[in-house]
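Colleague: Below is the structure, and that's it, no one-letter string:
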């Protein structure tokens, strides 16, 4: 059985579960704030809300340790999205586009300078000269590191990680300065200081780009440092998410800096910064929750907990789920799977809420929840690639999945049978075309179909699965749905009709999802005692549809259609009776020749 590094180090060492009494005298709460905390609005905006949330919990007797991500503004699909992490991760492309190493590095630093010094101005802390100097020095280090990496013929992973984790370091410097300023003005209960992995001793391995925490050393270091150097001195640590340190000489904390040298600078020259990979800030918060035996780990978001569906699609019909277990939370995807492991092992509850309305929240714990569907995900456009019989040899399916991974194809689900395997995938048109041609050249018999992929998450039993299948087949006769005993997900693929660009496919499938939500969630909300779902207000901007390209029907988010009271007996107006399974999608040439793709448009 495969064991993650966390399972190998923590679960196998029960001594790490025992938290010394020195650390349990406090009611510790870990609060993780995403990048939109800083980027949502100008003139303090959600940062002031974050400050007030921390202050309120502190006044209630909690010891709050906040964790921050890098600056980000706008939702993931928004055309106005600004993400510091994306800017840093794409620094090589920016340098190429600018034609010279110096010009490219200067352009990136200009963007970062504008973002962070504008934030300092919005927070009205421009008088803090020490803060401005720290931010400017950090930006200069980033620029110099980019130039070093740009002159190298090969990637330098340790320096790449130094660059991509810089957004979090900049953010905690500014947040600590803002909270110190608020403390001086009597608006915050204690002083604050930035705390990165370098200061806390969060050790990882040398897997740069997606490092694994060395749990034993990291837990011991963090427990001691947070209390001795921060809390017991009346200072709140403002922790940067996403980063760790790798110490090749195993000398962290066991050195004597030369006389007159700066301890932090001397230490930084002896270890490498690492990044914790996708969801790294969530992992940092969960790690602190386990290490400090927190009362709970709170994830502050712009939605009031985990909703029963996408609020942009369902509007006020999207409701807050009051309780989930760790497995359902993993499937729901509100927290990355890697971040669930530590809190689950330590039985640390997770609270997801909007600081604007903290009374309404989702609590994730090991408490059992009743049978039922809790969440209907927004449908995503996929391609169902049917691969003919795979050779009956160990590892063949793994090799097929490896081929997808090498070509940047994300596999949502695999339905494997002896007669053939269905791989439901997403990816760019070019990557999908290249992958199908490659598989055909290797001798695989292929057939592809454009589909919508629908997922319903919950505690599933046979009755719910039968109800789900009956509903989906009544709406879409050619729907292919799956259910396995013991899983937490019901899935269905609905054929996409691509005969005419004037057909509003999103209207059709979103109408199905809204009816499915009404059938499986809204009704059951009144049947489970103690598990009723609370209606929550939806921000006005969240309900406003956006159009990115009027000529591309697949990229338009249409206003929510009125929910039907019963499944339609006939296909929606304008859709073809038979789904288009070939022709414009994939022409298969009989006789072992490669498949030729005439048209791909996976929007």
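Modeller: Happy to help now that I have it. Worth saying up front: this structure is predicted, and the values here are computed from it rather than measured.

Colleague: CA atoms for contacts and neighbours, from now on please.
Modeller: Fine.

Colleague: What ranges does the stretch 251-400 of the chain have for its helices?
Modeller: With DSSP state H, counting those that start in this stretch, the ranges of helices along the stretch 251-400 of the chain come out as 263-268, 280-291, 311-314, 326-332, 337-345, 396-406.

Colleague: Please identify which of the ones you listed is closest to residue 462.
Modeller: The minimum distance between residue 462 and the helices of the stretch 251-400 of the chain falls on helix 326-332, with 17.8 Å, by CA to CA.

Colleague: just the helices of the stretch 251-400 of the chain: most buried one?
Modeller: Most buried of these by mean neighbour count (mean count of other CA atoms under 10 Å) is helix 280-291; its value is a mean of 26.

Colleague: Can you work out which other helices and strands pack against that one?
Modeller: In this structure, helix 280-291 makes packing contacts with strand 27-33, strand 62-68, helix 215-225, strand 243-246, strand 296-300, helix 337-345, judged by 3 or more CA pairs under 8 Å, 6 or more residues apart in numbering; DSSP states H and E.

Colleague: Now render the ones you listed as CSV, adding mean pLDDT.
Modeller: Supplementary listing: these in CSV, determined by pLDDT from 0 to 100:
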stretch, mean pLDDT
strand 27-33, 94
strand 62-68, 95
helix 215-225, 91
strand 243-246, 93
strand 296-300, 95
helix 337-345, 90
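
Colleague: okay if I get the helices of the stretch 251-400 of the chain as JSON lines plus distance to residue 86?
Modeller: Compiled in JSON lines, those are given as follows (distance: least, CA to CA, whole Å):
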{"stretch": "helix 263-268", "distance to residue 86": "25"}
{"stretch": "helix 280-291", "distance to residue 86": "14"}
{"stretch": "helix 311-314", "distance to residue 86": "24"}
{"stretch": "helix 326-332", "distance to residue 86": "24"}
{"stretch": "helix 337-345", "distance to residue 86": "21"}
{"stretch": "helix 396-406", "distance to residue 86": "21"}
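
Colleague: Of the ones you listed, which is nearest residue 179?
Modeller: Distances from residue 179 to each of the helices of the stretch 251-400 of the chain were compared using CA to CA; the shortest belongs to helix 280-291, at 19.5 Å.

Colleague: now that closest one against helix 337-345, angle please.
Modeller: In this structure, helix 280-291 runs at an angle of 10 degrees to helix 337-345, with axes from the mean of the first three to the mean of the last three CA atoms, to 10 degrees as the basis.

Colleague: ok, back up a step: so which of the helices and strands packed on helix 280-291 comes closest to residue 143?
Modeller: In terms of CA to CA, the element of the helices and strands packed on helix 280-291 nearest to residue 143 is strand 243-246, at 18.8 Å.

Colleague: sorry, back to before: most neighbours per residue, which of the helices and strands packed on helix 280-291?
Modeller: Buried most deeply of these, by mean count of other CA under 10 Å, is strand 243-246, with a mean of 30.

Colleague: which outside residues touch that strand?
Modeller: Residues lying outside strand 243-246 but in contact with it, judged by CA atoms under 8 Å, 6 or more residues apart in numbering, are 165, 196-198, 201-206, 211, 213, 271-276, 280-281, 284.

Colleague: could you dump the helices and strands packed on helix 280-291 to JSON lines with distance to residue 160?
Modeller: Compiled in JSON lines, these are given as follows (distance: least, CA to CA, whole Å):
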{"stretch": "strand 27-33", "distance to residue 160": "24"}
{"stretch": "strand 62-68", "distance to residue 160": "20"}
{"stretch": "helix 215-225", "distance to residue 160": "22"}
{"stretch": "strand 243-246", "distance to residue 160": "12"}
{"stretch": "strand 296-300", "distance to residue 160": "28"}
{"stretch": "helix 337-345", "distance to residue 160": "22"}
